[in-house]
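> Pasting a predicted model and its sequence here:
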Amino acid sequence: MEIILNSYGCLLTAKQGQFVVENTEGKQAIPPEGIRQIVLMRGTTISSEAARLAVEHDIDIVFCDAHGMPIARLWNVKFGSISTIRQKQISFAFSPLAVEWIKDVITQKIKNQQNLLQALCHGTPALQRELQAALRKSNDYLNKIAQLQALCVSDIAPALRGWEGAATKAYFKVLSLLLPETYRFESRSQHPAKDRFNAVLNYAYGMLYGKIESALIRAGLDPYVGVFHRENYNRPVLVFDVIELFRVWADYVCLYLCRQQAFIDECFLKKEDGSFWLEDLGRRIVIQSMNDYLEEVIEWEGLSRSRSQHLLLYARRLAQYLLDADL
């Protein structure tokens, strides 16, 4: 369970061992047991007493920007584990093992995209032709990725980025055709979004970034020591690597919401430059839907857990893999 402060002026305090959420609608007391994370959007406030209560119960506190992307966080000093894991991360990043790992990650991302399209593409012959064209392209890229050989990720990164990007472009072309006309888009656009669907998707991705970063930190991994994505200053590149495995979860939720016409015009703000932004009501819909989806129990790699738990288990397995690796 999470506490999400999304409304401007919302305040989180603590009293008698419980969190207290205060907003224009009144006050609500929430016990800390069972809370895994507190998320604060712009215009919200947390007191030092509430922060201390969160720390005492190993609750992650995340501050997010207007896109839902984490920009800062507070966590218990007990989060994580021994420094050996982080030392192993650095050695791993420059090893042949990293080559095979990132190839597996990108391969699984493309297969996830294929599976989603195949599950939802039931329609006209024209739609089926677009689907088959996208599948042929992505299968071609999968074959090329499988044949890549190198001792270091940097040796294959340009080719891998090109093929992954081309496969994803073909994927989004078909994904757009599955949407109502209001939400269709020409291409994937990030900060800022150029259309309604990308505004929704950007926010859902932001939420997923935060959850993956939290899982990595809890597992003792350094989210800033990655393998594939470019290492720019203050970028959690390992988060960008790992999220590729799980992006399809956000894709599905956003696709479902738009196909169900869950948003009204007031959910979006269109600025003078043509960019689209989610308003408060739109953010609430995405937050609730993403959280419901992540709490749904599924079977993955032989275990029945919520998707949120699977994220944490994956991070822990990755940390253990690094500890056991002969680097």
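Perfect, I can see it now.
> who are the neighbours in contact with the spatially most central residue of the chain?
By C-alpha atoms, centre = their mean, the chain has its centre lying nearest to L208, at 2.4 Å. Neighbouring residues of L208 by C-beta atoms under 8 Å, 6 or more residues apart in numbering: 243, 246-247, 249-250, 290. No exception for glycine: its C-beta is placed from N, CA and C like everyone else's.
> so it sits in a helix?
Yes: counting by DSSP: H, G, I helix; E, B strand; the rest coil, L208 is found in a helix.
> all numbers from here: first residue = 414
Done: numbering now begins at 414, and the last item shifts to L621.
> got the domain boundaries for the protein?
415-487, 496-737 (automatic domain parsing).
> I'd like to know how far L418 sits from R697.
Computed as C-beta to C-beta, to the nearest Å, the L418 to R697 distance reads 12 Å.
> The two: which is more packed in?
Between L418 and R697, counting by other C-beta atoms under 10 Å, L418 is the more crowded of the two (23 against 15).
> need the strands for the protein, in chain order.
Counting by DSSP state E, one finds strands in the chain at the ranges 415-418, 424-428, 431-436, 439-443, 450-453, 458-459, 473-477, 483-487, 681-683, 689-691, 710-713, 716-719.
> I'd like to know which of these lies nearest to A559.
strand 710-713 (22.9 Å; C-beta to C-beta).
> Against which helices or strands is that closest one packed?
Applying 3 or more C-beta pairs under 8 Å, 6 or more residues apart in numbering; DSSP states H and E, one finds that strand 710-713 contacts strand 716-719, helix 720-737.
> Could you export the longest one as CSV, keeping only the C-alpha atoms?
Presented in CSV, the C-alpha positions along helix 720-737 are these (Å, rounded to 0.1, in the frame of the first residue of the first chain):
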residue,chain,number,x,y,z
ARG,A,720,3.5,-7.3,-9.6
SER,A,721,5.1,-4.9,-7.0
GLN,A,722,6.5,-7.9,-5.2
HIS,A,723,7.9,-9.3,-8.4
LEU,A,724,9.8,-6.0,-9.0
LEU,A,725,11.4,-6.4,-5.6
LEU,A,726,12.2,-10.1,-6.1
TYR,A,727,13.8,-9.4,-9.4
ALA,A,728,16.0,-6.7,-7.9
ARG,A,729,17.0,-9.2,-5.1
ARG,A,730,17.8,-11.9,-7.6
LEU,A,731,19.9,-9.5,-9.7
ALA,A,732,21.8,-8.5,-6.5
GLN,A,733,22.4,-12.1,-5.7
TYR,A,734,23.5,-12.9,-9.2
LEU,A,735,26.1,-10.1,-9.0
LEU,A,736,27.4,-11.4,-5.6
ASP,A,737,27.7,-15.0,-7.0
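> Which residues are in contact with Q502?
634-635, 638, 651, 735.
> Where in this structure is the helix or strand with the lowest mean pLDDT?
For the chain, using mean pLDDT, DSSP states H and E, the weakest element among its helices and strands is strand 483-487, scoring a mean of 80.
> Give me the angle between it and strand 473-477.
150 degrees (axes from the mean of the first three to the mean of the last three C-alpha atoms, to 10 degrees).
> Direction included, what does strand 483-487 pair up with?
strand 473-477 (antiparallel) (DSSP bridges).
> which residues sit in contact with the closest residue to L724 other than its chain neighbours?
Counting by C-beta to C-beta, 6 or more residues apart in numbering, L724 lies nearest to A628, which is 4.6 Å off, once chain neighbours are set aside. Residues in contact with A628 (C-beta under 8 Å, 6+ apart) are 724-725, 727-728.
> From E692, how far out is A628?
Look at A628 and E692: by C-beta to C-beta, they are 29 Å apart.
> With pLDDT and distance to V613 added, can I get the contacts of A628 in TSV?
Below are those laid out as TSV (pLDDT from 0 to 100; distance: C-beta to C-beta, whole Å):
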residue	pLDDT	distance to V613
L724	95	21
L725	93	25
Y727	96	25
A728	95	26
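> Would you mind giving me the confidence score for the nearest residue to L682 once chain neighbours are set aside?
Once flanking residues are discounted, L682 sits nearest to W690: 4.6 Å by C-beta to C-beta, 6+ apart. pLDDT recorded at W690 is 93.
> What is the neighbour count of I677?
10.
> Next, the contact list for the residue nearest to it when sequence neighbours are not counted, please.
Using C-beta to C-beta, 6+ apart and skipping residues adjacent in sequence, the residue nearest I677 is L694, 7.5 Å away. Going by C-beta under 8 Å, 6+ apart, L694 touches 677, 679-680.
> between these, which is closest to R609?
Among the contacts of L694, and counting by C-beta to C-beta, the member closest to R609 is C680, at 8.3 Å.
> quick one, what contacts the nearest residue to that closest one once chain neighbours are set aside?
Among residues not flanking C680 along the chain, G695 sits closest, at 3.3 Å (C-beta to C-beta, 6+ apart). For G695, the contact set (C-beta under 8 Å, 6+ apart) comprises 612-613, 616, 676, 680-681.
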